[in-house]
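**Student:** Below are the sequence and a predicted model; questions follow.
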Amino acid sequence: MPTGRGVAVFLAGLGIWVAARLVGSPGMEVVAIGVAALPFVAGGVVRWSHPKFVIRRRLSDIRVDPGTRVTVELDVENPTYKPTSFLLVEDHLPPSLGRPARMVLTGIGSRRTQTVRYPVLPQTRGRFRIGPLFIDATDPFALTRRRLQFDDRDELIVTPAIEDLRIPTEAATGRGFGNSRAMHLFRSGQEYYTMREYQTGDDLRRIHWPSVARTGELMIRQDESSRRASGTVFLDTRSDALGKEGAAGFEKAVSVAASIGVLLIREGFNLKIATATIAPHPVAEDTLLDELSAISDVQVRSVAPALANLRAAASADASLVFVSAPLEGAELAGVLRAGQGFGPRLAVLVYPHEPASLQPNRQAEQEGHATQARLALIRAGWDVIVLPPSMALKDRWHTPSERPLARTV
């Protein structure tokens, strides 16, 4: 197809022809016809040359946190014996990653490769497909161009924001409560070991001194390799609870589930993940982050079926992490029943809306629901964190007592 320059040359040739007819100059007519035909000749040359390219796309990282710069590198190879003229390379991006990346190559020699790079800065979690790629090949005068499409796509996974909960921070009320909360949640992970008599060559650091004092013989603590601590993270994905995907409350809850899930896995737990529509199933760290990067809200009004699945997967030596908005009534009672079959239980109640953004009456109603749910869960033996969307989880994780946030923010 003709470029803007090609159209201008054709119109100029047409104008010269009209002028030549007016002044009666046959020579000018010949020149005018040649100028007007030049874009068509250039188009034929471009089509005749049959430009071919081999494209290779590489990402500096395929799994990143939000706000991490990713470099996309494109190798454009000309496998033919004919050098190319100017090339316009356009790599399409999803709208959330920005506008399509456009780069100009000055030409690629025969059997040569040029490499171009451009940055991408994702700000939100998700799974994004980069591509397709288009190359506009032009003639030496840039009068016409031919667009070639390459459908190869590469996936970029932007994980939820993950907080490192293993590093205790000094809170106003004291130091080290984050470790206490973690030990409460990980209690089952500390108890899986057996004892045997000491044998020459055993690591003396593994001597279990309480058993030595009781039996009078050297005993070695031996971890059971066949049994590992287990945990389940439940994320309430109902839009009626935490809002729709992209809402502050929903995204905070996804970040909380990812942060605690990664912590459990790195502590050696066999982890399961469950949502309002997905039954508990085992995941590794990469699988967990991949699932949470693409998770979205669901139009499900009742959480009862999900709690039934959770109750069926319960185990007395397994930890439970329940992430949802402050619940009430029958839903809260269902959560209490589902948690009875688990060992350590932690509820993270995320406000669906930032309290400061609400009218005073709605703010008081939201905080009242959170207080009632928190007290009911504590009475049932749960550990509870109440969190507004703007607050970091680690700020509450290392706080020795949870108070109604209306008095603390």
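**Tutor:** Structure's in. What do you need?

**Student:** Secondary structure element holding L88?
**Tutor:** strand 87-91 (DSSP states H and E).

**Student:** contacting residues for the most centrally placed residue in the chain?
**Tutor:** Ranked by distance to the mean C-alpha position of the chain (C-alpha atoms, centre = their mean), the top residue is T159 at 2.3 Å. For T159, the contact set (C-beta atoms under 8 Å, 6 or more residues apart in numbering) comprises 63-66, 125, 258, 289, 292-293. In short, each C-beta sits where N, CA and C put it, glycine included.

**Student:** what about it, distance to A257?
**Tutor:** In this structure, T159 and A257 are 12 Å apart, going by C-beta to C-beta, to the nearest Å.

**Student:** Give the residues shared as contacts by these two.
**Tutor:** Counting by C-beta under 8 Å, 6+ apart, the contacts common to T159 and A257 are L292.

**Student:** you'd agree V31 is up against A19?
**Tutor:** No: in this structure, V31 is not within contact of A19 by C-beta atoms under 8 Å, at 10.4 Å.

**Student:** With adjacent residues omitted, what lies nearest to R337?
**Tutor:** In space, and not counting its chain neighbours, R337 is closest to R311: 6.8 Å by C-beta to C-beta, 6 or more residues apart in numbering.

**Student:** What is the neighbour count of that neighbour?
**Tutor:** The number of residues packed around R311, counting by other C-beta atoms under 10 Å, is 15.

**Student:** Before we move on, what's the pLDDT of it?
**Tutor:** As predicted, R311 sits at a pLDDT of 91.

**Student:** Test my guess that it contacts A338.
**Tutor:** Yes: using C-beta under 8 Å, R311 is in contact with A338, at 4.5 Å.

**Student:** hmm, back to that, which other helices and strands does the strand holding L88 contact?
**Tutor:** Secondary-structure packing of strand 87-91 (3 or more C-beta pairs under 8 Å, 6 or more residues apart in numbering; DSSP states H and E): strand 70-78, strand 101-105, strand 133-138.

**Student:** Give me the buried stretch members for the first one, please.
**Tutor:** In terms of neighbour count (16 or more other C-beta atoms under 10 Å), strand 70-78 has its buried residues at 70, 72, 74, 76-78.

**Student:** Can I get the strand holding L88 in PDB? Just the C-alpha atoms.
**Tutor:** Extracted in PDB, the C-alpha atoms of strand 87-91 (Å, rounded to 0.1, in the frame of the first residue of the first chain):
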ATOM      1  CA  LEU A  87      11.800  -1.300   8.300                       C
ATOM      2  CA  LEU A  88       9.200  -0.200  10.800                       C
ATOM      3  CA  VAL A  89       8.800  -2.800  13.600                       C
ATOM      4  CA  GLU A  90       5.700  -2.700  15.700                       C
ATOM      5  CA  ASP A  91       5.200  -5.100  18.600                       C
END
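
**Student:** Strand 133-138 and that one, what's the angle between them?
**Tutor:** Counting by axes from the mean of the first three to the mean of the last three C-alpha atoms, to 10 degrees, strand 87-91 lies at 160 degrees to strand 133-138.

**Student:** How far does strand 87-91 sit from its chain's centre?
**Tutor:** Centroid separation between strand 87-91 and its chain, computed with C-alpha atoms, centre = their mean, to the nearest Å, is 28 Å.

**Student:** Quick check: can you name the pairing partners of that strand and their directions?
**Tutor:** With DSSP bridges as the test, strand 87-91 is paired with strand 101-105 (antiparallel), strand 133-138 (antiparallel).

**Student:** Mind checking these for the one nearest to P51?
**Tutor:** Each of those was scored for nearness to P51 using C-beta to C-beta, and the closest is strand 133-138 (4.4 Å).

**Student:** In contact with the closest residue to V76 other than its chain neighbours, which residues are there?
**Tutor:** Excluding the flanking residues, the one nearest V76 by C-beta to C-beta, 6+ apart is Q114, at 5.3 Å. Q114 makes contact with 75-76, 105, 108, according to C-beta under 8 Å, 6+ apart.
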